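Participant: Turn this into a model:
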Amino acid sequence: MIWLNLKELENKISKNELSERDGFNYVLAFFILCSIALSLPANNTGSWFKFLACVISVVINVWGLNASYNANKAVDGKDFFKRFFAINWVVGMRLLLVILVCAVMAGFVIAILSYNSHTNYMDPSPMKDVISLILMTLFTVICYLLIINSFQRLKPKTE
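Facilitator: Numbering: from 1, shown residues only. Here you go, the predicted structure:
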């Protein structure tokens, strides 16, 4: 994997020496950096919580991308990036709709509970971060499982 030398990378691509595995490593590195970047700017959480969220995000992305890559490799090993991003788009849109419905339902429940409990109001912010981490972890794992299953369903069509 070339880190800084753009000319070297361009030469490798021009000579058609950039393998599918090389491309996968760049995507994996990109997702790891995104996981770290998205996990760090939590507003008022402690540093241990930020670190935990970051580690969980990186572990899930490494597992999910590797499992997706291996599932594609079991099919025919071709066009991983086109397949991955296409499948990821559709699965992501479906999960986004589910998340939006869940968020609306949760909003109604929270509104009802806070309306009925004006006297016993408890600050939800510490639990909000934990619940948010659990839900994000759950939805990310589900997303990767759906992507992996989709790759596995491609197998009979290519043989």
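
Participant: hey, let's count contacts and neighbours off CA atoms from now on
Facilitator: Noted.

Participant: Report pLDDT for Leu28.
Facilitator: Per-residue confidence at Leu28 stands at 87 (pLDDT).

Participant: ignore the last one, Leu138
Facilitator: 93.

Participant: quick one: it from Ala74, how far?
Facilitator: 26 Å (Cα to Cα, to the nearest Å).

Participant: Comparing those two, which residue is more hemmed in?
Facilitator: Using other Cα atoms under 10 Å as the criterion, Leu138 and Ala74 rank with Ala74 on top: 14 against 11.

Participant: which stretches of the protein form helices?
Facilitator: For the chain, the helices defined by DSSP state H cover 6-14, 20-39, 47-75, 80-116, 125-158.

Participant: pLDDT below threshold where in the protein?
Facilitator: 39-46, 114-126, 155-159 (pLDDT under 70).

Participant: Spatially nearest residue to the residue nearest the centre of it (excluding sequence neighbours)?
Facilitator: The geometric centre of the chain, computed from its C-alpha atoms, lies nearest to Thr140 (Cα atoms, centre = their mean), at 4.9 Å. Nearest residue to Thr140, sequence neighbours excluded (Cα to Cα, 6 or more residues apart in numbering): Ile60, at 7.5 Å.

Participant: which ones are touching the one you found?
Facilitator: By Cα atoms under 8 Å, 6 or more residues apart in numbering, the residues touching Ile60 are Thr137, Thr140, Val141.

Participant: thought the first one was touching Cys54?
Facilitator: Same thing as Thr137. No: under the criterion of Cα atoms under 8 Å, Thr137 is not in contact with Cys54, lying 10.8 Å apart.

Participant: Between the two, point out the one with more neighbours.
Facilitator: Counting neighbours by other Cα under 10 Å for Thr137 and for Cys54 shows that Cys54 has the greater number, 20 against 16.

Participant: Asn25: neighbouring residues, count only.
Facilitator: Asn25: 15 neighbours (other Cα under 10 Å).

Participant: ok, and the closest non-adjacent residue to it?
Facilitator: Per Cα to Cα, 6+ apart, closest to Asn25 is Met1, 7.3 Å.
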